[in-house]
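> Predicted model and sequence below, questions to follow.
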Amino acid sequence: MNLAKLKGLRVEHGFTQKEMAQKMNIGIVTYTLKENGKRDFSSKELAKLCEILNVEASVFF
């Protein structure tokens, strides 16, 4: 997964990591670990990211 693309889209949409975590119903620490590549996003979480950022999953690969 292209995590730089994820961060870029998050910033472009004006969301903080905390806001993204809240929108995804996960903890801020968990979200930060995932965005930094220390943990993987599940397929369900990937779908939620796409919904929040209004993109197709292929954007991240």
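Structure's in. What do you need? If you're wondering where the values come from, they're calculated on a predicted model, not measured in any experiment.
> in the protein, which spans are helices?
For the chain, helices defined by DSSP state H occupy the ranges 3-12, 17-24, 28-35, 43-53.
> Compare the ones you listed and give me the one nearest residue 60.
Across the helices of the chain, residue 60 has its closest neighbour in helix 3-12 (5.8 Å, Cβ to Cβ). (C-beta placed from N, C-alpha, C; glycine too.)
> any idea how far the one residue sitting closest to the centre of the chain lies from residue 43?
When Cα atoms, centre = their mean is applied to the chain, the residue found nearest the centroid is residue 49 (5.0 Å). For residue 49, the distance to residue 43 equals 11 Å [Cβ to Cβ, to the nearest Å].
> before we move on, back to that, is it true that the residue nearest to the centre of the chain touches residue 3?
No. Using Cβ atoms under 8 Å as the test, residue 49 is too far from residue 3 to be in contact (11.0 Å).
> burial of residue 52, as a residue count?
Other residues near residue 52 come to 16 when the count uses other Cβ atoms under 10 Å.
> contacting residues around the spatially closest residue to it that is not a sequence neighbour?
Counting by Cβ to Cβ, 6 or more residues apart in numbering, residue 52 lies nearest to residue 23, which is 5.2 Å off, once chain neighbours are set aside. When contacts are counted by Cβ atoms under 8 Å, 6 or more residues apart in numbering, residue 23 touches 15, 48, 52.
> Try it again at 10 Å.
Listed by Cβ atoms under 10 Å, 6 or more residues apart in numbering, the contact set of residue 23 reads 15, 31, 48-49, 51-53.
> contacting residues around stretch 29-46?
For stretch 29-46, the external contacting residues (Cβ under 10 Å, 6+ apart) are 1, 3-4, 6-7, 10, 16-27, 47-49, 57, 60-61.
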